[in-house]
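Undergrad: quick one, fold the following:
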Amino acid sequence: MTPELTVLTLAALLWVVQFVVYLAVGHGRIDLDKAVGPRDVPVERPGAAGRLHRALSNHTEGLVLFAIAALVLTISGQSNGFTAACSWVYLIARVLYVPAYALGWTPWRTVIWLIGLAANTAMLLAAVI
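TA: Numbers count the residues shown, from 1 in each chain. Next up, the predicted model:
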């Protein structure tokens, strides 16, 4: 398995961990009827539960782009030391992003997100250059 696929697997596991943490923090703070209902009206997520939910949504969106980069590099046989390093930078940024968002680290949350995006973009560029 390429380093990019290893990191993709770890990033997916990070998603699971984030989801479990979000559920644990939000437990008892969100009306159960609303949580299991059709959600025609958005569910209010107060405080840290809301921030963890938004961080999880952000990770979901970023994971799609990272998966594309990891798969393109692996399938095309272009995985190398640079793209592997970018993968690890992306994952470290995603791990740091969770507490940065949950604890409201301003402006560091945005800086961390930008580092992850730059690593991901570098991987995509490496695939087409």
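
Undergrad: going by C-alpha atoms from here, please, whenever you check contacts or count neighbours.
TA: OK.

Undergrad: which of the helices and strands in the protein ranks last by mean pLDDT?
TA: helix 32-36 (a mean of 64; mean pLDDT, DSSP states H and E).

Undergrad: quick one, what contacts the spatially most central residue of the chain?
TA: For the chain, the residue nearest the mean C-alpha position is residue 59 (2.4 Å; Cα atoms, centre = their mean). By Cα atoms under 8 Å, 6 or more residues apart in numbering, the residues touching residue 59 are 15, 94.

Undergrad: please go through the protein and pick out the longest helix.
TA: helix 47-75 (DSSP state H).

Undergrad: orientation of the following helix or strand past that one relative to helix 47-75 in degrees?
TA: Using DSSP states H and E, the helix or strand that follows helix 47-75 in sequence is helix 81-102. In terms of direction (axes from the mean of the first three to the mean of the last three Cα atoms, to 10 degrees), helix 81-102 departs from helix 47-75 by 170 degrees.

Undergrad: ok, and for helix 81-102, which residues are buried?
TA: Using 16 or more other Cα atoms under 10 Å as the test for burial, helix 81-102 gives 83-84, 86-98, 100-102.
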